[in-house]
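J.: Pasting the sequence and the predicted model now:
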Amino acid sequence: MTAEGVANKVDGLQDLIGAINFAAVKHAKQRRKDAEKTPYINHPIGVMNILCNEAGINDLTVLKAAVLHDTVEDTDTTLDEIEQHFGPHVRSVVDEVTDDKSLPKQERKRLQVVHAPHKSREAKLVKLADKLYNLRDLSSNPPTSWSEGRVQEYFVWASQVIRGLTGVCKVLEDELAVVLAKKGVSLKGSLSEGE
């Protein structure tokens, strides 16, 4: 590797560490809704970890977007702030995976299903890893206020979103199929099934 290649690799690593730190600061006071009230930051770091260590994704834009994916939706972070720190491409991916919280929850869920097939490859990767993390988490450590029926509804809805995201990462899609199957949910079928 050339000196320039080493410098670029170091710069990329520094940018990724910067994104992790940014997300940690933004999510510092947030907790998951599980019984242990685990730190929220475990989720975006876990999504990034799934992409890197399970799916073999080393695209720094995807990894940065993964760790930042909930900052705009769940904190006071703006898309302009994401762009200022991490550039327009990361901003674009984060924007694609961010729900509009001004809309009612059911509408946001419906739009995730409708928009999934039209996302960029990078956004689809982040969404697949996000869904995989959430489904695994719901299987082992659901929010204390969720009934088994609500967990099952989430699995059915998530399968509808995932169907629109397929074709970008067989490893993630295969693992999602396994996790869904444990709850009796299939990735086969039409996008409107279960609505």
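T.: Looks like it arrived, so ask away. Numbering: from 1, shown residues only.
J.: Span of stretch 137-152 from start to end?
T.: End-to-end distance for stretch 137-152, by C-alpha to C-alpha, to the nearest Å: 13 Å.
J.: what number of residues lie near Ser147?
T.: 9 (other C-beta atoms under 10 Å). The C-beta positions use only the backbone N, C-alpha and C, and glycine is treated the same way.
J.: how near is the residue positioned nearest the centre of the chain to Asp137?
T.: The centroid of the chain falls nearest to Asp130 when counting by C-alpha atoms, centre = their mean (2.8 Å). Distance of Asp130 to Asp137, computed by C-beta to C-beta, to the nearest Å: 11 Å.
J.: about what we covered before: now do the same contact list for the closest residue to the residue nearest to the centre of the chain other than its chain neighbours.
T.: Leaving aside its sequence neighbours, Asp130 sits nearest to Val47 (C-beta to C-beta, 6 or more residues apart in numbering; 5.1 Å). Shown in contact with Val47 (C-beta atoms under 8 Å, 6 or more residues apart in numbering): Ala66, Val67, His69, Val126, Ala129, Asp130, Tyr133.
J.: Show me these that map onto strands.
T.: Using DSSP state E, no member of those falls in strands.
J.: got JSON lines for those residues, with pLDDT and distance to Asp76 too?
T.: Converted to JSON lines, these look like this (pLDDT from 0 to 100; distance: C-beta to C-beta, whole Å):
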{"residue": "Ala66", "pLDDT": "98", "distance to Asp76": "20"}
{"residue": "Val67", "pLDDT": "98", "distance to Asp76": "17"}
{"residue": "His69", "pLDDT": "98", "distance to Asp76": "16"}
{"residue": "Val126", "pLDDT": "98", "distance to Asp76": "21"}
{"residue": "Ala129", "pLDDT": "98", "distance to Asp76": "24"}
{"residue": "Asp130", "pLDDT": "98", "distance to Asp76": "21"}
{"residue": "Tyr133", "pLDDT": "98", "distance to Asp76": "23"}
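J.: Can you tell me which of these is nearest His85?
T.: Nearest to His85 out of those is Val67 (C-beta to C-beta; 12.2 Å).
J.: where does this protein have low pLDDT?
T.: 1-10, 189-195 (pLDDT under 70).
J.: where do the helices sit along this protein?
T.: 3-26, 42-49, 60-68, 71-74, 79-86, 88-96, 105-115, 121-140, 148-163, 170-181 (DSSP state H).
J.: wait, which of those is closest to Lys33?
T.: Among the helices of the chain, helix 121-140 sits nearest to Lys33 (C-beta to C-beta), with 9.9 Å.
J.: And that closest one, what's buried?
T.: 122-138 (16 or more other C-beta atoms under 10 Å).
J.: Enumerate every residue touching Asn58.
T.: Listed by C-beta under 8 Å, 6+ apart, the contact set of Asn58 reads Cys52.
J.: Now do the phi/psi pair for it.
T.: Main-chain torsions, Asn58, degrees, to the nearest 10: phi -120, psi 10.
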